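J.: here is a sequence together with a model predicted from it:
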Amino acid sequence: MSFQDDNIQQNEDSIREEQTPQPAAAPPKRKRSYRAYDYGLLILTVFMVGLGLVFLYSTSSYTATQKFGNAAYFLKRQASFAIIGVIAMVVISGIDYRLYIEKLRFFSVRPIYGLYALCLLLQALVLVVGEDIYGAKRWIEIPKIGSFQPSEMTKICVIIFSAFICYTAPKKLNRFTGFLRVAAYMAPLILLVAKEDLSTGVVMTGTFVMICFITSRRWAYFIVSGLAGVGAMAAYIFLGESFRSSRISGWLDIDSPNAGFQIRRALYAISSGGLTGKGLGESSMKLGYVPESHNDMIFSIICEELGIVGAICIIFLFVLLIWRIYTVAYNAPDLFGSLICVGVMAHITIQVVMNIAVVTNSIPATGIALPFISYGGTSLVLLLCEIGMVLSVSYHIKNVD
């Protein structure tokens, strides 16, 4: 066969291959997007609420029996608020968090402004008609329901409003004047709260400052502001009501007969628990020896019953909760959602640290509850509402496979 015949044969073979049907190419894999609702945070929160009810019954049964003749009195009240709070958390998690700052269709006003005005009104009202308990007006008595603490709602307002202002003009936070702009909005709320409840005012201040700090790219002026704030708080303590300065003296002299009584008993409870504790429900210091054992001092009774190991486990659960909120903040679809999560994270962290620090006498005594565990219906419900806002942010995070 000649070279020409070889070419003819190759051409025929190529034509035959072209005419042979080729298998169809596989279609490209379609990417799927799905919502990243944080079920882990939801389950962890519900677990902590349930754990709080267990500790509450253990620490309050004696006091409830002595005062009301019913060992489960505080448990039943807290459980009812827990149910309301969990329902509110789930409902709020299904509401788009961006609706808080969008103008309403008919009134052309943002809902956050209404919340701000309502909190101002309630904080002013509590100073006039508030129920005086232990020399402070912090609660408004609602017939057939109980006491309502407006400052807990104000914490939510501080978080959302601070996040909103920083979201609208984040670059302004690079200058001190931008920080002052946020502080000017927060000052009326915080001052009204701090007049009767300094510790809650400190929590609110720390919350809005943390939101501003995360937004800003500068940090030097925060140091100056912090020093000025500490000076102002010191002047308020020593130049104001005498009971606040007496707490400082009690902190410095824990053996003083009156000023250091509560903290001294709390330290006895912690030390008697040892490494593994006496066992759940076996505390002896809750039998009237530690005042407010089911409220601000509940951590001392936990240490007595579960020991250092149990206390570390409780702290670990709070760290895990903060980490879950941080994860949502890091992956939030916009700055506003991220700052809401930062505010909730700062609020819970500051309050946990302050409560444990007070119980262990690391800072002067002040009335601050342990989140999700201490007795208090208003606090529990509104804390769960804050977690609901974080879950709402997580729902709007879109992941792609």
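T.: Perfect, I can see it now.

J.: switch to C-alpha atoms for all contacts and neighbour counts from now on
T.: Fine.

J.: can you give me the helices in the stretch 201-350 of the chain?
T.: Under the criterion DSSP state H, counting those that start in this stretch, the stretch 201-350 of the chain contains helices at 220-239, 242-252, 261-273, 298-331, 335-359.

J.: which positions within stretch 104-123 qualify as buried?
T.: Using 16 or more other C-alpha atoms under 10 Å as the test for burial, stretch 104-123 gives 112, 115-116, 118-120, 122-123.

J.: can I get the CA coordinates of that stretch in PDB?
T.: C-alpha atoms of stretch 104-123 as PDB (Å, rounded to 0.1, in the frame of the first residue of the first chain):
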ATOM      1  CA  LEU A 104     -42.000  50.900  59.400                       C
ATOM      2  CA  ARG A 105     -44.200  51.200  56.300                       C
ATOM      3  CA  PHE A 106     -46.900  53.300  57.900                       C
ATOM      4  CA  PHE A 107     -45.100  55.300  60.600                       C
ATOM      5  CA  SER A 108     -41.800  55.900  58.800                       C
ATOM      6  CA  VAL A 109     -39.900  55.300  62.100                       C
ATOM      7  CA  ARG A 110     -37.400  52.600  63.100                       C
ATOM      8  CA  PRO A 111     -38.600  50.200  65.900                       C
ATOM      9  CA  ILE A 112     -35.300  50.700  67.700                       C
ATOM     10  CA  TYR A 113     -36.300  54.300  68.400                       C
ATOM     11  CA  GLY A 114     -39.500  53.100  70.000                       C
ATOM     12  CA  LEU A 115     -37.600  50.700  72.200                       C
ATOM     13  CA  TYR A 116     -35.200  53.400  73.200                       C
ATOM     14  CA  ALA A 117     -38.000  55.800  74.200                       C
ATOM     15  CA  LEU A 118     -39.800  53.000  76.100                       C
ATOM     16  CA  CYS A 119     -36.700  52.100  78.100                       C
ATOM     17  CA  LEU A 120     -36.100  55.800  79.000                       C
ATOM     18  CA  LEU A 121     -39.700  56.000  80.200                       C
ATOM     19  CA  LEU A 122     -39.500  52.800  82.300                       C
ATOM     20  CA  GLN A 123     -36.200  53.800  83.900                       C
END
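
J.: biggest separation within the buried residues of stretch 104-123, which pair?
T.: The most widely separated members of those, counting by C-alpha to C-alpha, are Ile112 and Gln123 (16.5 Å).

J.: where does pLDDT dip in the stretch 251-400 of the chain?
T.: The stretch 251-400 of the chain contains residues with pLDDT under 70 at 251-253, 255-260, 399-400.

J.: repeat that for 80
T.: The model of the stretch 251-400 of the chain has pLDDT under 80 over residues 251-262, 288, 292, 365-367, 398-400.

J.: make TSV out of the buried residues of stretch 104-123 and add secondary structure, distance to Asn295 and pLDDT.
T.: Listed next are the buried residues of stretch 104-123 as TSV, based on DSSP: H, G, I helix; E, B strand; the rest coil; distance: C-alpha to C-alpha, whole Å; pLDDT from 0 to 100:
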residue	secondary structure	distance to Asn295	pLDDT
Ile112	helix	31	90
Leu115	helix	28	91
Tyr116	helix	28	92
Leu118	helix	27	92
Cys119	helix	25	91
Leu120	helix	27	92
Leu122	helix	24	89
Gln123	helix	23	88
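
J.: dump those into CSV; add distance to Met186 as well.
T.: CSV is the format used below for those (distance: C-alpha to C-alpha, whole Å):
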residue, distance to Met186
Ile112, 13
Leu115, 13
Tyr116, 10
Leu118, 14
Cys119, 11
Leu120, 10
Leu122, 15
Gln123, 13
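
J.: distance of Tyr395 from Val358?
T.: To Val358, Tyr395 is 36 Å away according to C-alpha to C-alpha, to the nearest Å.

J.: okay, now the unreliable bits of the stretch 51-200 of the chain?
T.: 103-109, 129-148, 196.

J.: can you give me the helices in it?
T.: Ranges of helices within the stretch 51-200 of the chain are 73-93, 111-129, 150-168, 176-194, 198-215, based on DSSP H, counting those that start in this stretch.

J.: redo those helices as JSON lines? Include distance to Pro143.
T.: As requested, those are exported to JSON lines (distance: least, C-alpha to C-alpha, whole Å):
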{"stretch": "helix 73-93", "distance to Pro143": "15"}
{"stretch": "helix 111-129", "distance to Pro143": "14"}
{"stretch": "helix 150-168", "distance to Pro143": "16"}
{"stretch": "helix 176-194", "distance to Pro143": "23"}
{"stretch": "helix 198-215", "distance to Pro143": "25"}
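
J.: and the ones you listed: which comes nearest Lys286?
T.: For the helices of the stretch 51-200 of the chain, proximity to Lys286 was assessed by C-alpha to C-alpha; helix 73-93 is nearest, at 14.3 Å.

J.: list the buried residues of that closest one.
T.: Buried residues in helix 73-93, counted by 16+ other C-alpha under 10 Å: 73-75, 78-79, 81-82, 85-90, 92-93.

J.: cool, stretch 340-359 as well?
T.: Buried residues in stretch 340-359, counting neighbours by 16+ other C-alpha under 10 Å, are found at 340-349, 351-352, 354-356, 358-359.

J.: pretty sure Tyr344 contacts Glu386?
T.: Just to correct that, residue 344 is Val rather than Tyr. Yes. The criterion here is C-alpha atoms under 8 Å, and Val344 meets it with Glu386 at 6.4 Å.
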